[in-house]
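Participant: coords please:
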Amino acid sequence: MRALLQRVRSASVEIEGERTALIGPGLLVFLGVTHDDGPDDLDWLAGKVSRLRIFEDENGKMNRSVTESGGAVLVVSQFTLYADTRRGNRPGFDQAVRPDLANSLYEDFCTTLRALGLMVATGQFAADMLVSLQNDGPVTILLDSAERKASRHLRAEEKP
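Facilitator: Predicted structure coming up:
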């Protein structure tokens, strides 16, 4: 799973001229799902999103999580995070999982964030959305559960 996080002062989703989601300060999360993603990826990513210390404390240091700062989260499904641009100029999306499975994991991700105590707003899966945001910082971070798996594999190879 990939999540592109943007620290925002506000973010919203509009579908067919109607605003369907709006948050104030917090995180805008674009979420992409690939074929081998499962519950472990979802739990790790939701935990990371809720605990990542990218909000300023009283000294102006990025030392607080969205949970600690009282922020909200807007989650938007984004299959294009798995675009393959290695060949030609037209991206391929073979690494993005089929919509029914992606929607299920997207919904589970949002449910997990709520269970972690966050206020979560959502886009509409597979809809043509206009996403607006006021990026704060700007702070933009890409999280990928595959990197977590790779780092565990590398640590295991280092052991005697």
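Participant: how far is the top strand by length along the chain from where the chain is centred?
Facilitator: Across the chain, the longest stretch assigned as strand under DSSP state E is strand 129-144. In terms of Cα atoms, centre = their mean, to the nearest Å, the centre of strand 129-144 is set 10 Å apart from its chain centre.
Participant: Okay, buried residues for that strand please.
Facilitator: Of all the residues in strand 129-144, those buried under the rule 16 or more other Cβ atoms under 10 Å are 129, 131, 133, 136, 139, 143-144. Where C-beta positions appear, they are placed from N, C-alpha and C, glycine not excepted.
Participant: How far away from the center of its chain is the strand or helix carrying Leu31?
Facilitator: Using DSSP states H and E, Leu31 sits within strand 26-32. Relative to its parent chain, strand 26-32 has a centroid offset of 4 Å by Cα atoms, centre = their mean.
Participant: C-terminal to that strand, what's the next element?
Facilitator: Next helix or strand after strand 26-32 toward the C-terminus (DSSP H and E): helix 39-51.
Participant: What is that following helix packed up against?
Facilitator: Using 3 or more Cβ pairs under 8 Å, 6 or more residues apart in numbering; DSSP states H and E as the contact test, the elements touching helix 39-51 are strand 2-15, helix 66-69, helix 99-115, strand 129-144, helix 145-158.
Participant: If we go by neighbour counts, what in the third one is buried?
Facilitator: It refers to helix 99-115. Neighbour-count burial for helix 99-115 [16+ other Cβ under 10 Å]: 102, 105-106, 109-110, 112-113.
Participant: possible to save the helices and strands packed on helix 39-51 as JSON lines with mean pLDDT?
Facilitator: Compiled in JSON lines, the helices and strands packed on helix 39-51 are given as follows (pLDDT from 0 to 100):
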{"stretch": "strand 2-15", "mean pLDDT": "98"}
{"stretch": "helix 66-69", "mean pLDDT": "97"}
{"stretch": "helix 99-115", "mean pLDDT": "94"}
{"stretch": "strand 129-144", "mean pLDDT": "96"}
{"stretch": "helix 145-158", "mean pLDDT": "67"}
